[in-house]
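S.K.: sequence and predicted structure, then a few things I'm wondering about:
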Amino acid sequence: MKKCPRCGEMKLHEDNRFNVLSKKDNKTYICSDCGVAEAGEAFIKSKAKFELGTLVWTRGINDKVAEDEEFAEFVAGSFQRHINGDWGDLCDEDKQENELSLKEGFRLFSAYEKKGLPKIWIITEANRSATTILFPEEY
Ligand SMILES: [Zn+2]
């Protein structure tokens, strides 16, 4: 096994028939797990109302998602809402701010809450280079 250029793990087969050609440049081979992840990401991006850039979630979110299935569903649902331009639990003023940001290319900010679960934020950078899911206290 060789090192996969996407995830950095030793999951790239010597035989490229077992690897996946990355859609990003159509010449780099990545491991099959990364192939699935890349396809999922491309699908998500095709559904979004705006450019998302690199999708990132913090260590805190990652740990909580791994241990709490209900929280994982909440994060997935919230993300879906964010890319649809549903900014979640914000005051009207902040929602209007996002509508303006959507037109003008400023930073997009969403906040989501669900009873019994910690609140999360989703931020898409002004230059649309990245979209980050985080806990407010991690900001
Ligand atoms: Zn990989």
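M.R.: Perfect, thanks for sending it. Numbers count the residues shown, from 1 in each chain.

S.K.: contacts, neighbours, all on C-alpha from now
M.R.: Fine.

S.K.: any idea which helix or strand carries the most centrally placed residue in the chain?
M.R.: Centroid-nearest residue in the chain: Leu55, 3.5 Å away (criterion: CA atoms, centre = their mean). For Leu55, the enclosing helix or strand under DSSP states H and E is strand 54-57.

S.K.: partners of that strand in the sheet?
M.R.: strand 130-134 (parallel) (DSSP bridges).

S.K.: so which residues of this structure form strands?
M.R.: For the chain, the strands defined by DSSP state E occupy 20-21, 29-30, 54-57, 108-112, 120-124, 130-134.

S.K.: can you add distance to Ala66 and mean pLDDT and give the ones you listed back as CSV?
M.R.: Formatted as CSV, the strands of the chain follow (distance: least, CA to CA, whole Å; pLDDT from 0 to 100):
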stretch, distance to Ala66, mean pLDDT
strand 20-21, 26, 96
strand 29-30, 24, 97
strand 54-57, 12, 92
strand 108-112, 19, 98
strand 120-124, 16, 98
strand 130-134, 15, 97
